[in-house]
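Q: okay, predicted coordinates and the sequence, questions at the end:
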Amino acid sequence: MLDINDFDFELPEELIAQTPLEQRSNSRLLVLDKDAKSMEDKHFFDIVDEMNEGDALVLNNTRVLPARLYGERAETHGHVELLLLKDLGGNRWETLAKPARKMTVGQKVIFGDGRLSATIVEELEHGGRIVEFSYEGIFLEVLESLGEMPLPPYIHEKLEDQERYQTVYAKVNGSAAAPTAGLHYTPELLDAIRAKGVKIVELTLHVGLGTFRPVSVDNIEDHHMHSEFYQLSEEAAATLREVKASGHRIIASGTTSIRTLETIGTKFDGDIQADSGWTDIFIKPGYDWKVVDAFNTNFHLPKSTLVMLVSAFAGRDFVLDAYQHAIDEHYRFFSFGDAMFIK
C-alpha cells in the first residue's frame, strides 16, 4: 500500500512565492540526475544546457480563462462567486459555487451590468453546480471583461499583470489554472533552445482544479483523479515519433504535458499517435514510463498527486531529499516559484 504520509514534508510558509519574478527565466533551477542521484543548483536560463540537438521540448499551449466571476443572486442581491471548471457545451458549464448552499436549482445570478447571467440547472457534490449562461455578444469577450484570473488559494497577493499567470506561448482557451512549469520560458529562451537544434512541439491539456486537490484518502490507490481534456495533433505526433526513433529524448514541460504524453503512450502501447479526449491518468510510484525521458517542473504541495508523479520518475527518497535541499537553500515554491529539471 502506498501511504499518503510518505509524500509529506514540512514547508516554511515564507517559501511560498506570492509574486512572479520580474524576469521569468531568472528563477532558480535545481537539476536532478535520477541515475547518478546528483543535484546541481542553476538558473532557469541554464536549461538550454540540459537539452541536446535532436531532442524535443513539449509545451502545453493551453490558456487560462479569467474563470472567477463575482455576481449577485437576482432575488436577494446576495454576493456569490462562480469558478468555471468545464465547458459542457450549449452555454452550460460545470462550476464551483460559493456559497454553494444558497445556490439551488432555478436560482439566477447576475454578473456585472447584466450582460451575463447564469441559472443553476444541477447541483453536484463539493459545491459543484452546473449552470446555463445567458449573454449578448461573444462569451469569451464577455468573460474577459467580467472575470478574474483564478489564482491558487495559497497566493494572497493581487497579481498586477494578468499575463504573468499565462505562459508566453498560451493560445488555446480552456484552463482553470496555468501549467505553471511553463511560466519560466521567455521568447528569447525558446529561440536559444531552437537554435541548439531542439524541436519545440505543442500539445493542449486544459488544466482543471482537480490536479491540485489534496489527496483525502490514506491509501493512495483509493484516490480518483479528475479528468481533463487533451489534444495532440498529427504533426506534433509525427515529430515526436521521429525524435524517439532517432534515439533522442522527449522532454516535457510540466506535469500536464507529462500526463498527456503518457496517456497517449499508454493508450497506444508505447506509440505516439495524434489523439484527443479526456484523461484521468494517475502517475504514482511503480508506474511504467512510456514516452517522457526528462522534464522540467515546479515544486509541488506536500501529499499532492504531483509529488507522487515526480517520485514515480526519480524515486521518492531522492525527490524528498531534493525538496529538503530546496528548502534549505531557500528556493521559492509553487506556482510563481522556482523549478526543477529532472533527467
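A: Now that the structure is in, tell me what you want to look at.
Q: what about Gln273, which SS state?
A: At Gln273 the chain is in coil, as set by DSSP: H, G, I helix; E, B strand; the rest coil.
Q: now it: closest residue in space that isn't a chain neighbour?
A: Counting by C-beta to C-beta, 6 or more residues apart in numbering, Ala237 is the residue found nearest to Gln273 once chain neighbours are left out, at 5.6 Å. Yep, even glycine has a C-beta here, placed from its N, CA and C like the rest.
Q: same question for Glu188.
A: Glu188's closest residue in space is Ser25 (C-beta to C-beta, 6+ apart), at 7.8 Å.
Q: please apply the same query to Glu234.
A: That would be Ala274: by C-beta to C-beta, 6+ apart, it lies 4.0 Å from Glu234.
Q: what's the answer for Met340, then?
A: Per C-beta to C-beta, 6+ apart, closest to Met340 is Leu30, 4.8 Å.
Q: now the phi/psi pair for the one you found, please.
A: phi -100, psi 110 (degrees, to the nearest 10).
Q: roughly how far apart are it and Asp328?
A: Distance of Leu30 to Asp328, given as C-beta to C-beta, to the nearest Å: 11 Å.
Q: the more surrounded of the two?
A: Between Leu30 and Asp328, counted using other C-beta atoms under 10 Å, Leu30 has the larger neighbour count: 20 against 8.
Q: got a list of what that one touches?
A: 39-42, 322, 325-326, 331, 338-341 (C-beta atoms under 8 Å, 6 or more residues apart in numbering).
Q: same thing but 7 Å
A: For Leu30, the contact set (C-beta atoms under 7 Å, 6 or more residues apart in numbering) comprises 39, 41, 322, 326, 331, 340.
Q: just list what the longest strand seen in the chain packs against, helices and strands only.
A: Criterion DSSP state E: the longest strand present in the chain is strand 79-89. The helices and strands touching strand 79-89, judged by 3 or more C-beta pairs under 7 Å, 6 or more residues apart in numbering; DSSP states H and E, are strand 68-73, strand 92-98.
Q: go again using 10 Å as the cut-off
A: strand 68-73, strand 92-98, strand 108-111, strand 116-123, strand 128-135, strand 172-175, strand 228-232 (3 or more C-beta pairs under 10 Å, 6 or more residues apart in numbering; DSSP states H and E).
Q: next, format these as JSON lines and append distance to Ile283, mean neighbour count and mean pLDDT.
A: Output for the helices and strands packed on strand 79-89, formatted as JSON lines (distance: least, C-beta to C-beta, whole Å; neighbours: other C-beta atoms under 10 Å; pLDDT from 0 to 100):
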{"stretch": "strand 68-73", "distance to Ile283": "29", "mean neighbour count": "18", "mean pLDDT": "96"}
{"stretch": "strand 92-98", "distance to Ile283": "24", "mean neighbour count": "20", "mean pLDDT": "94"}
{"stretch": "strand 108-111", "distance to Ile283": "37", "mean neighbour count": "19", "mean pLDDT": "97"}
{"stretch": "strand 116-123", "distance to Ile283": "31", "mean neighbour count": "18", "mean pLDDT": "98"}
{"stretch": "strand 128-135", "distance to Ile283": "25", "mean neighbour count": "18", "mean pLDDT": "97"}
{"stretch": "strand 172-175", "distance to Ile283": "19", "mean neighbour count": "19", "mean pLDDT": "93"}
{"stretch": "strand 228-232", "distance to Ile283": "13", "mean neighbour count": "22", "mean pLDDT": "96"}
